[in-house]
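Participant: 3D model of this:
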Amino acid sequence: MINPEPETWYAITAQQWHAHKNLVRVLPEKEPGAICYQIWTYEPKVCHEKTSEKRLKNPQSVDVFSLWLSFRESEDVRIQIVLDEIEKGFEW
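Facilitator: As a prediction, this is how the structure comes out:
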């Protein structure tokens, strides 16, 4: 398969996970059509106010820094190319 099936991901806090984990079935490994959750140590919406107009038009998207953090260990060359471009825009 050249491109895997698209996955649906949600970023939530540990508190949100604990409140809702009884409503979902945790799978031992990924299955087609399953929803994936990332448990974040901070509120995923915390960077919402300091984002670009593009993000404000789509409030369900993630802020750029959180995106970079989520994918920085990916071995996919295509993702690394995009992360390098994102890094150039960071104010270190």
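
Participant: do a quick rundown of the helices in this protein.
Facilitator: Taking DSSP state H, the helices of the chain run over residues 14-20, 53-57, 64-71, 77-88.

Participant: comparing those, which gets the lowest mean pLDDT score?
Facilitator: Across these, helix 53-57 has the smallest mean pLDDT, namely a mean of 52.

Participant: counting neighbours, what do you get for the nearest residue to I35 once chain neighbours are set aside?
Facilitator: When the adjacent residues along the chain are set aside, I35 lies closest to T8, with 4.8 Å between them (Cβ to Cβ, 6 or more residues apart in numbering). Heads up, the C-betas are built off the backbone N, CA and C, glycines and all. Counted by other Cβ atoms under 10 Å, the residues lying close to T8 total 9.

Participant: for the one 4 residues further on, same thing?
Facilitator: Around I12 there are 17 other residues, counting by other Cβ under 10 Å.

Participant: and the pLDDT at it?
Facilitator: I12 is assigned a pLDDT of 86 by the prediction.

Participant: kindly report the same for W92.
Facilitator: Value for W92, per-residue pLDDT: 65.

Participant: next one: S52
Facilitator: pLDDT at S52 comes out at 52.

Participant: ok so, going back, need the helices of the chain in a markdown table (columns: distance to L27).
Facilitator: A markdown table is the format used below for the helices of the chain (distance: least, Cβ to Cβ, whole Å):
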| stretch | distance to L27 |
| --- | --- |
| helix 14-20 | 15 |
| helix 53-57 | 30 |
| helix 64-71 | 20 |
| helix 77-88 | 24 |
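
Participant: identify whichever of the ones you listed lies nearest to V26.
Facilitator: Among the helices of the chain, the nearest to V26 by Cβ to Cβ is helix 14-20 (10.5 Å).

Participant: report the distance from that closest one to the chain centre.
Facilitator: Here the centre of helix 14-20 is set off from its chain's centre by 17 Å, with Cα atoms, centre = their mean, to the nearest Å.
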